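A.B. asks: Give me coordinates for this.
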Amino acid sequence: MKKLFNFILVFVATLLIFPSFSSPVAVADNQKNYYTVYKDSNKKEVLFLKGDEVSKGDMYLSGDNKLYEIESVDDKNKTAIAKFLRDEEMPKYNVTRNTSSKKTANALKKKVGVYHTHNDESYYTPDGVDSVYGKGGIHDVGKALVNSFNKLGIETIYREDLHLPHNSGAYTRSQVTASSILNQGVDAIFDIHRDSTKRSEYLITLDGKQMSSIRMVVGSSSANFEENKKFAYSIKSYADSVYKGLIKDVYFGRGNYNQQLSTRAMLFEFGCENIEKDFAIRSAPYLAKVLDVVLYGSNNASTASLSDISTTGSGKADITGLVQNSGAVNSHQTLYIVLGIVGAVVLTLAIILLVSKKARYKVGRFFSEMFAGIFGKKSRNQ
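C.D. replies: From the prediction side, this is the model:
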């Protein structure tokens, strides 16, 4: 009896010392590394859960398209109170899910970019940890999304550059990577992350398969906030029509998340550390199809993407994509356009001055009078 008692003591002690013997999901879910946001100060109804970086003034679009604002934050207890603002008006897509329709699409050169600001992010199942100092499990999700894009005929610039460590400077470091991708003429750019919260917060069933839903994050400090907000709303509205539940919600944080670089830049969070990585990977092909149609429309999206939809009314599902025959207009390209125009004007003036003596005289007189007016004419005694 004494031996049995000692065995039980040793067994219990072993479980306490080596928690990895128990379910990694259960252990991870018990760790309070996320914020709980309530619908009101009574704290009776939870609005959503989220990893760190919940701040007063942040906005949140729920799955049922209700817009809230974070009213107060208790960082010590990791709780926050949200205030309902309004039911948000979403873009309209006259489509429903249909697996039997057959459509054809025109050929268009399509190109997007994918990268990871937080390379370390991982999934307890099967990675065993939630973070590694290097390429974490999130890179496997990124590769799955890239492969899905490629199957749809979308060329993808995928950069796996490391921006470690996972701190406030990561976005500054990843901005170099994002800029490099944008300079290659992509139509849109996507930063792939995962959240940090309970497994149940992201677990969904779509087409009879369990997978992870996806949260979008839009930077309210970005100069392109309004454009990227519209981009997020278009993605969510289309996904809600065809793959209900795939897009969980939209969070508007106070950072810029490198979205100041492009009017079509989005941060996607594929689940959390507690959900199975395979579930996050399963959602990648669905997101790729959504982005294919939203970006390129019914005339240029792939047959595979269009085969999932049909109109809710009569006639063809005519969806105008955000990208027509030109790539994304980002801040770098805008600067190049402006510099090109200025250069062309300067070159034209230089040619005129070289070939026209009269033009040189008039320009010289103009500047002479202008500077004389600014500094005043010198007296003969000076």
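
A.B. asks: Okay, buried residues for stretch 57-71 please.
C.D. replies: Neighbour-count burial for stretch 57-71, counted by 16 or more other CB atoms under 10 Å, picks out Asp58, Met59, Tyr60, Leu61, Ser62, Asn65, Lys66, Leu67, Tyr68, Ile70. All C-beta atoms are positioned from the backbone trio N, CA, C, and that covers glycine.

A.B. asks: Repeat that for stretch 254-265.
C.D. replies: Gly255, Asn256, Tyr257, Asn258, Gln259, Gln260, Leu261, Ser262, Thr263, Arg264, Ala265.

A.B. asks: Next, the distance between the ends of that stretch.
C.D. replies: Using CA to CA, to the nearest Å, one end of stretch 254-265 lies 16 Å from the other.

A.B. asks: What mean pLDDT does that stretch get?
C.D. replies: For stretch 254-265, mean pLDDT is 97.

A.B. asks: How far away from the center of its chain is it?
C.D. replies: Put simply, stretch 254-265 sits 8 Å off its chain's centre (CA atoms, centre = their mean, to the nearest Å).

A.B. asks: Output the buried residues of stretch 254-265 in JSON lines, with secondary structure appended to each entry.
C.D. replies: Formatted as JSON lines, the buried residues of stretch 254-265 follow (DSSP: H, G, I helix; E, B strand; the rest coil):
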{"residue": "Gly255", "secondary structure": "coil"}
{"residue": "Asn256", "secondary structure": "coil"}
{"residue": "Tyr257", "secondary structure": "coil"}
{"residue": "Asn258", "secondary structure": "coil"}
{"residue": "Gln259", "secondary structure": "helix"}
{"residue": "Gln260", "secondary structure": "helix"}
{"residue": "Leu261", "secondary structure": "helix"}
{"residue": "Ser262", "secondary structure": "strand"}
{"residue": "Thr263", "secondary structure": "coil"}
{"residue": "Arg264", "secondary structure": "coil"}
{"residue": "Ala265", "secondary structure": "strand"}
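
A.B. asks: now, among these, which is nearest to Asp292?
C.D. replies: For the buried residues of stretch 254-265, the residue nearest Asp292 by CB to CB is Arg264; the value is 13.5 Å.

A.B. asks: pretty sure that closest one contacts Val218?
C.D. replies: No - with contact defined as CB atoms under 8 Å, Arg264 and Val218 do not form a contacting pair (11.8 Å).

A.B. asks: Need the residues touching each of those two.
C.D. replies: By CB atoms under 8 Å, 6 or more residues apart in numbering, Arg264 and Val218 have these common neighbours: Asn228.

A.B. asks: Tell me where the stretch 151-300 of the chain has helices.
C.D. replies: Along the stretch 151-300 of the chain, the stretches classed as helices by DSSP state H, counting those that start in this stretch are 170-182, 225-242, 277-300.

A.B. asks: closest to Ser41 out of those?
C.D. replies: Using CB to CB, the helices of the stretch 151-300 of the chain put helix 225-242 closest to Ser41, at 27.4 Å.

A.B. asks: Just want the angle from the closest one to helix 277-300.
C.D. replies: Helix 225-242 runs at 100 degrees relative to helix 277-300, counting by axes from the mean of the first three to the mean of the last three CA atoms, to 10 degrees.
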